[in-house]
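Asker: Below are the sequence and a predicted model for it; my questions follow.
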Amino acid sequence: ITSPYLGPSYSNEEIFNEIKSNGCSYEKIDDPAKVAANFLSDQKVIGWFQGRSEIGGRALGHRSILADPRSAKMKLKINKKVKYREEFRPFAPAVTVENADKYFNIKNKQIPYMNITVDTKKNKIKEIPATVHVDGTARIQTVSPTDDKKFYELIKNFEKNVHVPVVLNTSFNLKGQPIVETPRDALMTFYGCGLDVLIIGNYYIKK
């Protein structure tokens, strides 16, 4: 398997029709990655819905909830207002592949599927506390432009804004529910929890 993005995708026309049929307030955007990075830099928690969905049990940047990893309070906020789960449960960091070894002890390996837990470098824990577990470990996802150009560009834009090449990434779903698949799933979940913004295709929606 060379890519986990093997599920269905939805055109901007299909997304727009779903947005309109539900009476949502929306804005069309040309650069979702840049817009998302700006919201993250402003401490917003966003639903991110792009391209073909992932196979398996991990959201890898196509059906994800994303947030700023720099504050430990962000983990508490997402657990309480979005995921509705126990406060001790950690979230995963998605990091650009060229910066992964600067933050984590991975010896320049690529870990694109968020399926391996590694030690966070001690001098970096304070930079990304929302994605580091109490024992200093993190279940990371390395992101390269060849694996996922748009998600990579999002993280690079975030890095330009705040000088940290890491975003908090967790699956786009509520506790006990499957990861969202369709645009309607995304809208239902967005309005059913404490997410601030939904970026879906070339549209963004705010409450």
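Answerer: That came in fine, so what should we check first?

Asker: ok, and the helix or strand in this structure with the lowest average confidence?
Answerer: Sorting the helices and strands of the chain by mean pLDDT, DSSP states H and E puts helix 72-78 at the bottom, at a mean of 91.

Asker: Which is the succeeding secondary structure element to that helix?
Answerer: On the C-terminal side of helix 72-78, the nearest following helix or strand under DSSP states H and E is strand 92-96.

Asker: Neighbouring strands - and their directions - for that following strand?
Answerer: strand 141-143 (parallel), strand 166-171 (antiparallel) (DSSP bridges).

Asker: pretty sure residue 133 contacts residue 90?
Answerer: Yes. Counting by Cβ atoms under 8 Å, residue 133 sits close enough to residue 90 to count as a contact (4.3 Å). C-beta here means a position set from N, CA and C on the backbone, and glycine is covered the same way.

Asker: still on that earlier bit, just checking, what packs against the least confident helix or strand of the chain?
Answerer: Using 3 or more Cβ pairs under 8 Å, 6 or more residues apart in numbering; DSSP states H and E as the contact criterion, the elements in contact with helix 72-78 are strand 63-67, strand 166-171.

Asker: which residues in the protein form strands?
Answerer: Counting by DSSP state E, residue ranges of the strands within the chain are 26-28, 46-49, 63-67, 92-96, 117-119, 137-139, 141-143, 166-171, 197-200, 203-206.

Asker: Ok, which of these comes nearest residue 156?
Answerer: Ranking the strands of the chain by proximity to residue 156 (Cβ to Cβ) places strand 92-96 first, at 6.4 Å.

Asker: pLDDT below threshold where in the chain?
Answerer: Within the chain, not a single segment meets pLDDT under 70.

Asker: Just the CA trace of the longest helix seen in it, in CSV.
Answerer: Within the chain, and with DSSP state H defining each element, the longest helix by residue count is helix 149-162. What follows is the C-alpha trace of helix 149-162 in CSV, where atoms were taken according to Å, rounded to 0.1, in the frame of the first residue of the first chain:
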residue,chain,number,x,y,z
LYS,A,149,0.5,18.0,-0.6
LYS,A,150,-2.4,19.9,0.8
PHE,A,151,-2.0,18.8,4.4
TYR,A,152,1.8,19.4,4.1
GLU,A,153,1.1,22.9,2.9
LEU,A,154,-1.2,23.5,5.9
ILE,A,155,1.5,22.6,8.4
LYS,A,156,4.1,24.6,6.5
ASN,A,157,1.8,27.7,6.6
PHE,A,158,1.2,27.1,10.3
GLU,A,159,5.0,26.9,10.8
LYS,A,160,5.4,30.3,9.0
ASN,A,161,2.9,31.8,11.3
VAL,A,162,4.1,30.5,14.7
